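> next input, structure requested:
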Amino acid sequence: MQSTYRTSPHACYSIAWSPFHPHRLAVAGAANFGLVGNGRLLTLSPQGIDQAFSTQDGLYDVAWNELHENQVVGGSGDGSIKLWDLTVPDYPIRNWHEHGREVFSVDWSNLQKDLFCSSSWDGSIKLFTPDRPASLLTIPAAQTCTYAALWSPHQPGVVASCASSGLLTLFDLRVPNLPSSTAPTPGPTAPATPALAVPASPGELLTLDWNKYMPHVIATSGVDKNIRIWDTRMVGQGGSVGGVCTGSLAGHQYAIRKIQWSSHRADVISSAGYDMTCRIWTTQPSSPGSSSQLYVHNAHTEFVVGCAWSFFDEDVLATCSWDQSVHIFRPPFPPPRR
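Model (predicted):
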């Protein structure tokens, strides 16, 4: 099983499966590899491209509204965030412009389904609801680029983020020590105390993901080419705020741009990298000394920047690349142990 969709003339930046329709995807794209020019939101079905919405700047990430099957939010290179309703042609139904630099990630909470968050190169994380014209909360997360921020799929109000400083941070929004925001702000203005802070990489940390079955497990990766697994319940040496690395996965030749845990297997994770491959790993090899790498997808011809496991079809993976294509396939690796 493999399907290929062309997104020409826009390079892909991100891909997301619909939580409502088994075969529907949203793709974020940008002209000229996102360096200059406009962007585009695409929706895909088995028949091909269903709809396309243009933006004035590159679109770097997308997420589906967990309460509305036809709504998609996207983060743009001009610092704006747009919400589209696929039944409304041409223009977004909501437009926020609070970040001072590129919005590199957006993520919709699957627990508090009226909330989504964004992260930006301006170092901040912001919380939004579609009903409000301004953000609900601003978290000054880092003094450097915040590449990604993701809601915990297990604990309401908990957000994990990663930054160019190599720091993995967790913020608990239930703790009243974060500065609120009711009006647009250009960027971070005051420090926020994280519930956990881990120096997770010696280089830029580009991506992270929560394990879908183990509430305290997070994977991180980035420029140093290694995927590291963290147990956030364990504190650092001397009781300091931090986590413990319980394993690492190495094999990519260049930086890893995106990782995602499987929707159906607790031990399987995919990684998309600048070496033009998407790799699939297990954190539980079948025997001592056996390889943790289950499969390498090397059909792309440019940077692979996105990977997403299907919510509905077990072991179906979608990848997207700067080669202006989306691949959907079922990797040939062993069936899960029951």
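> how deep is K225 tucked in, by neighbour count?
20 (other CB atoms under 10 Å). Yep, even glycine has a C-beta here, placed from its N, CA and C like the rest.
> nearest spatial neighbour of F312, chain-adjacent residues omitted?
Nearest non-adjacent residue to F312, counting by CB to CB, 6 or more residues apart in numbering: P22, 3.9 Å away.
> for D78, what are its contacts?
Counting by CB atoms under 8 Å, 6 or more residues apart in numbering, D78 touches Q56, D57, H97, E102.
> for Y147, see how far away the last one is.
To tie it back to what came earlier, the one meant is E102. 10 Å (CB to CB, to the nearest Å).
> please apply the same query to the first one.
Relative to Y147, Q56 is positioned 22 Å away (CB to CB).
> out of the two, which sits in the busier spot?
The residue with more neighbours, out of Q56 and Y147, is Y147; 23 against 11, by other CB under 10 Å.
> I'd say that one and T220 touch.
No - look at Y147 against T220 with CB atoms under 8 Å: they stay out of range, at 10.5 Å.
> from the contact counts, what lies against the helix or strand containing C117?
Using DSSP states H and E, C117 sits in strand 116-120. Packing partners of strand 116-120 (3 or more CB pairs under 8 Å, 6 or more residues apart in numbering; DSSP states H and E): strand 71-76, strand 103-108, strand 124-128, strand 146-151.
> can you redo those strands as a markdown table with distance to H264 and mean pLDDT?
What follows is the helices and strands packed on strand 116-120, written out as a markdown table (distance: least, CB to CB, whole Å; pLDDT from 0 to 100):
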| stretch | distance to H264 | mean pLDDT |
| --- | --- | --- |
| strand 71-76 | 24 | 98 |
| strand 103-108 | 20 | 98 |
| strand 124-128 | 29 | 95 |
| strand 146-151 | 19 | 97 |
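> looking at these, spot the one closest to V305.
Evaluated with CB to CB, the helices and strands packed on strand 116-120 place strand 103-108 nearest to V305, the distance being 11.2 Å.
> what strands line up against that closest one, and which way round?
Strands adjacent to strand 103-108 in the sheet, as given by DSSP bridges, are strand 116-120 (antiparallel).
> what's in contact with the strand it pairs with?
63, 65, 73, 75, 79, 81, 99-109, 125-129, 141, 145-151, 159, 161, 187.
> show me how far it is from its chain's centre.
When C-alpha coordinates are averaged (CA atoms, centre = their mean, to the nearest Å), strand 116-120 and its chain have centres 10 Å apart.
> avg pLDDT for that strand?
For strand 116-120, the mean per-residue pLDDT is 97.
> torsion angles phi and psi at G58?
Main-chain dihedrals, G58, degrees, to the nearest 10: phi -60, psi 140.
> I figured it was touching L41, is that so?
No - judged on CB under 8 Å, G58 makes no contact with L41 at a distance of 11.2 Å.
> name the residues contacting each of these two.
G29.
> on that earlier part again, need the helices and strands packed on strand 116-120 in CSV with distance to D172, can you?
Listed next are those as CSV, based on distance: least, CB to CB, whole Å:
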stretch, distance to D172
strand 71-76, 23
strand 103-108, 16
strand 124-128, 13
strand 146-151, 12
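> F311 is nearest to which of these?
F311 lies closest to strand 103-108 among those, at 13.1 Å (CB to CB).
> next one: that closest one to chain centre, how far?
Centroid separation for strand 103-108 versus its chain: 7 Å, with CA atoms, centre = their mean.
> ditto for stretch 118-133
For stretch 118-133, the distance to the chain centre is 15 Å (CA atoms, centre = their mean).
> buried residues in it?
Residues S118, S119, S120, W121, D122, G123, S124, I125, K126, L127, F128, P130 are the ones in stretch 118-133 that count as buried (16 or more other CB atoms under 10 Å).
> grab the nearest non-local neighbour of V198.
V198 sits nearest to L168 (CB to CB, 6+ apart), 4.3 Å away.
> can you list the strands that the strand or helix carrying the one you found pairs with?
For L168, the element it lies in under DSSP H and E is strand 167-172. When sheet partners are counted by DSSP bridges, strand 167-172 sits next to strand 158-163 (antiparallel), strand 196-199 (antiparallel).
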